[in-house]
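Peer 1: Model the following, please.
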Amino acid sequence: MTAPTNGYAPHPYLGGRTAVLRALAVWRSGRPGAPRVIVLTGSPGSGRSHLLTGFLMLCEPEFRGRLPLAGMDPSTVPPELPAPAVPSAAGLTSAQLGWLIADHYGLRAGRLEEVYAALGDLGRTETVVVPDVDRAGPVRTAGEPARVVREVLRPLADTANVRLLADVPRELATELAGELPPGTVQIIDLDDPQWADPRGLVLQAYALLRPESGAPEPPFASDATARRTLAEAIGRRAGTSPLTVQLAVRSLLTSPGPVDPYAETLLPSSVGQALDLHARRLGADPQTLRRLLAPLALAEGDGLPVDLWTRLVNALAGQDMSGVLADSGALAGPFVESVPRDGDGGARTLLRLLHPAIGEELRAGLPSVRAAQTQIAMTLLEAVPDQDWSRADPYVRDHIAGHTLEAGLLPQLLTDPGLFVHADPLTLRAAVAAVPTGELGAPARTYLRTAPLLTRTQAPAVLRAALLETAFVEDGLPEYAEAVHGRLGLELPWRTLWSLPVPGVSAVSVGRLPRPEGPAVPVAVLAVPTGTLIHSLVEPDGPGEIDPAQVLPLSEEARAAAPLVLSRGADYVRVRDRATEDIVATLVSDAPVTAADLSPEGILLVATERGAKALLITGQPGGRTPSV
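Peer 2: You can find the predicted model right below:
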């Protein structure tokens, strides 16, 4: 990389961006007149993330010590201070991001809204840098970036002792700046001429064309003059987009034959041109390249497994593309990267687009994103073996909701308890929450109510199934509770016998109701605001009007002889094997637990602010099958 004309060494990672680095150094200094909040924005591919990474190198003591600070422009080097907090928004919900900030500072708060007040009460200046807001959320189309701005960044910006730097999409930049007092906030738009860095783009292209970067052949691999001429042409054509520079070079490096550095018409001025010119350079139809990349543009999460990618390419194209796919390396290569991942399906390789801006370009060129997502959703459903979600590919299981959300079909999908149980609850919850409540069916509303429990406890599939089974009974959906037991092949720790929506239950106990003939009937005794309510412990219907005085309480001897014992916390009840102290079942509640009792037969009686319910514990000591 050549030295800049002012005689200072460029930032080794950025190769330029002097004007922006100066502004960020002023912000970091906190001196009088410096803005307290900086909103960094720009079009997709303008280099926001890259710039922020380079600036944070100057703020983190370990990286700072590796940089040639003595030779750099002093106005671009921030003062040496403790490293700022850098909670990335990528993949997180606004709530997760807020709690991440709370954890960083060790803040005690019962609700997310209290985090920012607690941060303000610290009595010292804190510096927070939030990158990748455009990548927030587990579901791409669920609108999480806007929630992050409104629910996290705006409260941070309003906190007087917080110095905030956030990287946000342009459409949200003004909203974040909001009505903050004059001089408090500065918006840096990397596409604005005052922040443009044409020299930096040339240096970027020149560096990428070096032999050390993988340039395979002349002229730009061996001839520095040719390389510089080509870099200048690439930089001129790219405008303000470092991504366009990167794609131009990657295209040249994967194209056969020599490259004429003076043919500027063969160099891209946008991401879309980079796609189309690359295809033509390889003798392919640009639409063929776009068809190959379309599934990746619509993908969720970290990317698509290779076998699913090929299947979706064929589905979206409406024809067999196996011939093109077999020889697609050079055609798709400049725009795609492979990502190794370990998961419950073992190690495998995912494919994803090199940058989200490529996806935006591809989606904009589709005749109908909704129709394309519909086709993807149908193809993914067909890939579920016998509609058994426990055997589905992890991508299909965890991300089909995101595809059906954009297709407008998610409510129709939300009737299968198997999906509720086996899908990643964080992802599925985000997708379901993006659907207007009025469009959701009853089982989907139950799932949405229960999902915070599933995500908070990080419950495995069996516990997710058990919690959902109870929730279905509570919400009057016994057929869905039975489906959880009958269709999923899971051994649940309990079966919910009944649920009674009686608020204000302050105490519960298990008793026996004598009968003129036969054994006594086990009953639940519930203390409610109007008196005492007697309900059958086993049957979903009560025994009718019963005088509480007729009920015999359990003796201490009977309780002491029971094989199970319970303990409870504010929002959970735990059942243990008395002999071994092993945990047999743990019921976590989305409402505070007000009372609990356990019968000798292993029926757990629990009251919360919402009402009371009875659960038959199935995993009893010695594998005994309970009888009631």
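
Peer 1: Buried residues in whatever helix or strand residue 231 lives in, which are they?
Peer 2: Residue 231 belongs to helix 224-238 when assigned by DSSP states H and E. Buried residues in helix 224-238, counted by 16 or more other C-beta atoms under 10 Å: 226-235, 237-238. Heads up, the C-betas are built off the backbone N, CA and C, glycines and all.

Peer 1: now do stretch 331-348
Peer 2: By neighbour count on 16+ other C-beta under 10 Å, the buried set for stretch 331-348 is 331-332, 334-336, 341, 348.

Peer 1: end-to-end on it?
Peer 2: Criterion C-alpha to C-alpha, to the nearest Å; first-to-last residue distance in stretch 331-348 is 23 Å.

Peer 1: Surely residue 388 and residue 419 touch.
Peer 2: No - assessed by C-beta atoms under 8 Å, residue 388 is found out of contact with residue 419, at 10.7 Å.

Peer 1: ok, the two, which is more surrounded?
Peer 2: residue 419 (19 against 13; other C-beta atoms under 10 Å).

Peer 1: Quick one: end-to-end length of stretch 149-168, please.
Peer 2: Rule used - C-alpha to C-alpha; the end-to-end distance of stretch 149-168 is 8 Å.

Peer 1: going forward, begin numbering at 491 instead of 1
Peer 2: In the new count, where the first residue is 491, that last one comes out as stretch 639-658.

Peer 1: Of all the residues in it, which ones are buried?
Peer 2: Neighbour-count burial for stretch 639-658, counted by 16+ other C-beta under 10 Å, picks out 639, 641-649, 652-658.

Peer 1: picking that back up, does the helix holding residue 721 pack against any helices or strands, and if so which?
Peer 2: Packed against helix 714-728, as judged by 3 or more C-beta pairs under 8 Å, 6 or more residues apart in numbering; DSSP states H and E, are the following elements: helix 688-698, helix 732-743.

Peer 1: Can you tell me which residue sits nearest the middle of this structure?
Peer 2: In the chain, the residue lying closest to the centroid (C-alpha atoms, centre = their mean) is residue 628, at 2.4 Å.

Peer 1: Spit out the contact partners of that one.
Peer 2: 581-583, 634, 791, 914, 916-917, 920 (C-beta atoms under 8 Å, 6 or more residues apart in numbering).

Peer 1: Name the SS class of it, please.
Peer 2: coil (DSSP: H, G, I helix; E, B strand; the rest coil).

Peer 1: Not counting stretch 1067-1079 itself, show me its contacts.
Peer 2: For stretch 1067-1079, using C-beta under 8 Å, 6+ apart, the contacting residues are 943, 947, 949, 953, 956-957, 960, 983-984, 1052-1055, 1061-1066, 1094, 1096, 1098, 1105, 1107, 1109-1111.

Peer 1: Export only the CA atoms of that stretch, formatted as PDB.
Peer 2: Taking C-alpha atoms only, stretch 1067-1079 is exported to PDB below (Å, rounded to 0.1, in the frame of the first residue of the first chain):
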ATOM      1  CA  ASP A1067     -36.900 -38.700  44.500                       C
ATOM      2  CA  ARG A1068     -36.900 -38.800  48.300                       C
ATOM      3  CA  ALA A1069     -34.400 -41.700  48.400                       C
ATOM      4  CA  THR A1070     -31.800 -40.500  45.900                       C
ATOM      5  CA  GLU A1071     -32.600 -36.800  45.800                       C
ATOM      6  CA  ASP A1072     -32.500 -36.900  42.000                       C
ATOM      7  CA  ILE A1073     -34.600 -34.300  40.300                       C
ATOM      8  CA  VAL A1074     -37.600 -36.000  38.700                       C
ATOM      9  CA  ALA A1075     -39.400 -33.000  37.300                       C
ATOM     10  CA  THR A1076     -39.000 -29.200  37.300                       C
ATOM     11  CA  LEU A1077     -42.000 -27.000  36.500                       C
ATOM     12  CA  VAL A1078     -41.100 -23.500  35.500                       C
ATOM     13  CA  SER A1079     -43.900 -20.900  35.600                       C
END
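
Peer 1: List the buried residues for it?
Peer 2: Those would be 1067, 1074-1079, for stretch 1067-1079 by 16+ other C-beta under 10 Å.

Peer 1: ok, so of those, who is nearest residue 741?
Peer 2: Distance to residue 741 across the buried residues of stretch 1067-1079 (C-beta to C-beta) is lowest for residue 1078, with 53.1 Å.

Peer 1: on that earlier part again, what's the farthest-apart pair in the buried residues of stretch 1067-1079?
Peer 2: Using C-beta to C-beta, the buried residues of stretch 1067-1079 reach their maximum pairwise distance at 1067 and 1079, which is 21.9 Å.

Peer 1: before we move on, the earlier item: any chance of the contacts of residue 628 in JSON lines, with secondary structure too?
Peer 2: As requested, the contacts of residue 628 are arranged in JSON lines below (three-state DSSP):
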{"residue": "581", "secondary structure": "coil"}
{"residue": "582", "secondary structure": "coil"}
{"residue": "583", "secondary structure": "coil"}
{"residue": "634", "secondary structure": "helix"}
{"residue": "791", "secondary structure": "coil"}
{"residue": "914", "secondary structure": "coil"}
{"residue": "916", "secondary structure": "helix"}
{"residue": "917", "secondary structure": "helix"}
{"residue": "920", "secondary structure": "helix"}
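
Peer 1: hmm, back to that, which one of the helices and strands packed on helix 714-728 has the poorest average confidence?
Peer 2: In terms of average pLDDT, helix 688-698 trails the rest of those, at a mean of 90.

Peer 1: for that one, packing partners?
Peer 2: Using 3+ C-beta pairs under 8 Å, 6+ apart, the elements in contact with helix 688-698 are helix 714-728, helix 732-743.

Peer 1: relative to helix 714-728, how tilted is the shortest one?
Peer 2: Pointing back at helix 732-743 there. Per axes from the mean of the first three to the mean of the last three C-alpha atoms, to 10 degrees, the angle that helix 732-743 makes with helix 714-728 is 130 degrees.

Peer 1: So what angle separates the directions of helix 732-743 and helix 688-698?
Peer 2: 30 degrees.

Peer 1: Tell me which other helices or strands helix 732-743 touches.
Peer 2: Packing partners of helix 732-743 (3+ C-beta pairs under 8 Å, 6+ apart): helix 688-698, helix 714-728, helix 761-771.

Peer 1: CA atoms of the first one as PDB?
Peer 2: Output of helix 688-698 as PDB, limited to C-alpha atoms (Å, rounded to 0.1, in the frame of the first residue of the first chain):
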ATOM      1  CA  PRO A 688     -11.700   8.100  -2.900                       C
ATOM      2  CA  ARG A 689      -8.000   7.700  -2.200                       C
ATOM      3  CA  GLY A 690      -8.900   5.000   0.400                       C
ATOM      4  CA  LEU A 691     -10.800   3.000  -2.300                       C
ATOM      5  CA  VAL A 692      -7.800   3.100  -4.600                       C
ATOM      6  CA  LEU A 693      -5.500   1.900  -1.800                       C
ATOM      7  CA  GLN A 694      -8.000  -0.800  -0.900                       C
ATOM      8  CA  ALA A 695      -8.100  -2.000  -4.600                       C
ATOM      9  CA  TYR A 696      -4.300  -1.800  -4.800                       C
ATOM     10  CA  ALA A 697      -3.800  -3.900  -1.600                       C
ATOM     11  CA  LEU A 698      -6.300  -6.600  -2.800                       C
END
